[in-house]
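Colleague: When you get a sec, could you give me coordinates for this:
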Amino acid sequence: MRSNVSRFQHVRTSALVAACGWALAAFASGARAAPAPPTPTPAVDPAPPAVSVPSDPTDVQGWLAYRTAHDLPALPAQATVLYRMGVEAQRESDAETAVRFWRGAEELDPGYLAPRLTLIAHLLARDPSQGLMEIGRLAALARTSFRLQHFMVTYFALYGLTALYLATLAVALVLCWRHRNRLRHVYQELLGRYLPPMRAGIWAWALVALPFVLGFGIAVPAAFTLALLWSYLRKTERFVFVALVAMLVVSPWVMRTFEQLSLPARTQDPPFYSTLDLDQEGYDPARMAEISGLASAHPDNPFLAYAEGWMAQRGRHYDEALVAYERAQARWPQEARIPNNLGNIEFARGNAPQAEIHYKHVIEMAPRWAAGHYNLGQLYTARFRYAEASEEIAQATALDFDLVRNLQARSSGQATPALAEEWIEPSIQWQAMFEAAETHGHGAVVPPVWQPWFEGRGTPVAVWALLFAVLGLALGLVLHHQLPARVCGNCASTVCRRCATRRRDQVLCEECAALLTTATTPEFGRLLLFKRRREARRRLGQVRTVIAFLIPGYGVLAFERLLLGWFLAGSAALCALLLLTGHAPFPYDPRVFTGAPHPFAGIAVVGFALTYLLSLLVYLSLQGHAHEADAALDTSSGRAHERLKRAA
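Modeller: A predicted model of the protein is given here:
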């Protein structure tokens, strides 16, 4: 205890002596010259450490360190190399290396979609929990990325509408084929008044096929044919006709919508000009001069003002950045990204009180946005207010764990912390895109997938569809009034009142009526009719089974389950489009598709397999019920055959 007391007294004595010496030295220097008032020196960011480009393309940590040291938002070229190397590693059955390369690719370029989708597909098959976490990260990225949102909306809108149109057209063509004999028979009977039977039959088939060879595509002739058959269609079949005509009528509006969605692809058009990818670019003096020139030429454009402030902030030209952000804030007073960036600038300049005001303003405007809480926590940490800093960072972590994790990883080993900053709110960009498309329209922009189709021509297609639909309805009602067509009650052949033979309450065709005429007894005649019906159904069933195994949904449509067949046809068409086509709707942001021309191929393969399996199972079930009904008829006809034997 005494030794501790003596040691404390010795330390206190030494401290007093040092304080007296410092006071004497200060007094002596003050006697020689008057002290100058202190001048505040703005904080200057230290120069980035000298981290050279890694020589090994597989050095993921080295590339991440290089990107962090040079304050680069993304390394698209190296991310593409890592992604393709991950694909090669997967082919060599090295899953661990493949996952490491894919994770490195998505960290080097957060907007690169290919490694994220590939990683999701890989993990869902091996570790579903990790796959679901990757899906959550992709969803979090989509909430803040207008480029990704725009790609997803245009991609799935294009292929979803295409699949719906193809499914509707397929169902309409099946209905046209099913009722073809009714239309052909009416034509043949009317032409038979003036032509020989053989020539009348040939010209009847020619009239049925004529609308499809006039150069109006496929959908318009199909709608015209269904309009002719309106009197013979059921309610669900009429609904298919109405849906097909409605799709053709609204096609100009669809083209107009895609014209609006194509605005981001036109990089030189307002309001975006060439700023959509600016958040993924590093500072470049030439690029800065270009953005400044555009902002000066268009002073009322808030996108250019924000872009000028963003690029100036990257180049540490803070005065220019403040002026540009203030111009953008005058047009967007509710955009929380602007005060957040202003706070980051004041933080970098050493003006902590003003930075705190900006960050608190951000939290008031967007309390569910983690960036404001995280940046305020970093400011409190720099000012040694650790309790408040811990609270703010905890709130940021609860709101967006990945953001906090990534920023803390970038801050490790750096003299200054990495602050959160994001590009313009996606909702503002969506609103500006549609408003600009209304005032700066460039005409309908047809996606490349639709360009070869007649139905992609816009307004002329709607006019022709309405014209042919009305003409078909009028002509069909006239034909039905002149000569209504029916079906044979035994073999389902088409008959009319001229060629039909009525036996009691049953209408028969000429062949079935001839069988009854040649039969010696009524029971034997019924047996002959049953034999003919069974042969006709067997031939039809064989053809139907072959097509059902080849085309998903056809077997269900053949048994008149139109809604289910429509759904199966649409699902199969969507999966086939994603698997076989898979091109981007517009040439916009190619990094989404770099190295992944079919980003949803795995999902498409699984979806097509499930659709095909469901279609086949439903068809076999319906076929089984049909066989049971035929077996019941076989039993009754067998009993009649036994009675015939006993009578003989």
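Colleague: and residue 495, helix, strand or coil?
Modeller: When classified by DSSP: H, G, I helix; E, B strand; the rest coil, residue 495 comes out as strand.
Colleague: give the contact list for it.
Modeller: 185, 485-488, 507-509 (C-beta atoms under 8 Å, 6 or more residues apart in numbering). Where you see a C-beta, it was placed from the backbone N, CA and C, and this is true even at glycine.
Colleague: Which parts of stretch 188-203 count as buried, going by neighbours?
Modeller: 188-192, 200-201, 203 (16 or more other C-beta atoms under 10 Å).
Colleague: Out of the contacts of residue 495, which is nearest to residue 302?
Modeller: If you rank the contacts of residue 495 by distance to residue 302 using C-beta to C-beta, residue 485 comes first, at 66.2 Å.
Colleague: okay, now that closest one: neighbour count?
Modeller: 22 (other C-beta atoms under 10 Å).
Colleague: Show the backbone phi and psi for it.
Modeller: Per-residue torsions, residue 485: phi -100, psi 140 (degrees, to the nearest 10).
Colleague: Dig out what it forms beta bridges with.
Modeller: Counting by DSSP bridges, residue 485 forms beta bridges with residue 496.
Colleague: wait, isn't it in contact with residue 228?
Modeller: No - Residue 485 is beyond contact range of residue 228, at 11.1 Å (criterion: C-beta atoms under 8 Å).
Colleague: what residues do these two have in common as contacts?
Modeller: residue 183.
Colleague: show me the contacts for residue 184.
Modeller: The contact partners of residue 184, by C-beta under 8 Å, 6+ apart, come to 204-205, 208, 494.
Colleague: if you set the cut-off to 7 Å instead, what comes out?
Modeller: Applying C-beta atoms under 7 Å, 6 or more residues apart in numbering, we find residue 184 in contact with 204-205, 208.
Colleague: now that we have those, which one has the most neighbours?
Modeller: residue 204 (20 neighbours).
Colleague: picking that back up, just the buried ones from the contacts of residue 495, in ChimeraX syntax?
Modeller: Buried members of those, defined by 16+ other C-beta under 10 Å, are picked up in ChimeraX with:
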select :185,485,486,487,488,507,508,509
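Colleague: Next step: the contacts of residue 495 restricted to helices.
Modeller: Those of the contacts of residue 495 mapping onto helices are residue 185, per DSSP state H.
Colleague: Now flag whichever of the contacts of residue 184 is closest to residue 138.
Modeller: Looking across these and measuring by C-beta to C-beta, the closest to residue 138 is residue 208, at 50.8 Å.
Colleague: In terms of pLDDT, where does that closest one sit?
Modeller: On pLDDT, residue 208 comes in at 93.
Colleague: With adjacent residues omitted, what lies nearest to it?
Modeller: residue 184 (5.3 Å; C-beta to C-beta, 6 or more residues apart in numbering).
Colleague: how near is the one you found to residue 121?
Modeller: Distance, residue 184 to residue 121, using C-beta to C-beta, to the nearest Å: 50 Å.
Colleague: picking up where we left off before, pLDDT for the contacts of residue 495 - can I get that in TSV?
Modeller: Listed next are the contacts of residue 495 as TSV, based on pLDDT from 0 to 100:
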residue	pLDDT
185	89
485	85
486	83
487	84
488	83
507	80
508	82
509	82
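Colleague: tell me which strands and helices the host helix or strand of residue 105 is in contact with?
Modeller: Element membership for residue 105, per DSSP states H and E: helix 95-108. When contacts are defined as 3 or more C-beta pairs under 7 Å, 6 or more residues apart in numbering; DSSP states H and E, helix 95-108 sits against helix 60-69, helix 76-91, helix 113-126.
Colleague: by how many degrees do that helix and helix 76-91 diverge?
Modeller: Counting by axes from the mean of the first three to the mean of the last three C-alpha atoms, to 10 degrees, helix 95-108 lies at 160 degrees to helix 76-91.
Colleague: for helix 95-108, which positions count as buried?
Modeller: By neighbour count on 16+ other C-beta under 10 Å, the buried set for helix 95-108 is 98-108.
Colleague: Just the closest of those residues to residue 138, please.
Modeller: Ranked by distance to residue 138 (C-beta to C-beta), the buried residues of helix 95-108 are led by residue 106 at 9.3 Å.
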